[in-house]
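1. Structural data only, the sequence is not supplied:
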């Protein structure tokens, strides 16, 4: 079993922050939505670019932010897409749209993994 304190337990290796972003098509005709998975270490940089309006989804992955999950035209994704994204990340749909601090949630998950690794039999 890998050591929970090793690099495998680093946030970027075990988690992503799922976000729904919006924008205008490059030609200016129409809007799009896009679910992205942001590496925890890149969250602040991602948010800074998003707020500044300089986030370029064409270079999202090569810029090291994480992965593009799915995107499409329009203002909002279809409900079934949102359900599929939540299922993919083992989350409740409502969890995708909370104002919770993602960094704190990741820290709690890592602590739980460390405890599980320290006591894999659950105390039995």
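-> Received it, and whenever you're ready, just let me know what you need. Since this is a predicted model, take the numbers as computed values, not measurements.

2. hey, where'd the strands end up in this protein?
-> Taking DSSP state E to define them, one finds strands in the chain at 17-24, 31-38, 66-73.

3. so which of those is the most packed in?
-> Using mean count of other Cβ atoms under 10 Å, the stretch among the strands of the chain with the largest mean neighbour count is strand 31-38, at a mean of 19. To be clear about C-beta, it is placed using only N, CA and C from the backbone, and glycine gets the same treatment.

4. Quick check: which helices or strands does it pack against?
-> Applying 3 or more Cβ pairs under 8 Å, 6 or more residues apart in numbering; DSSP states H and E, one finds that strand 31-38 contacts strand 17-24, strand 66-73.

5. in this structure, which ranges drop under the pLDDT threshold?
-> 1-9, 98-100, 122-124 (pLDDT under 70).

6. need the longest helix for it.
-> Longest helix in the chain by number of residues (criterion: DSSP state H): helix 102-118.

7. now the angle from that one to strand 17-24?
-> Counting by axes from the mean of the first three to the mean of the last three Cα atoms, to 10 degrees, helix 102-118 lies at 150 degrees to strand 17-24.

8. buried stuff in helix 102-118?
-> By 16 or more other Cβ atoms under 10 Å, the buried positions in helix 102-118 come out as 102, 106, 110, 117.

9. Please consider this matter closed, and thank you.
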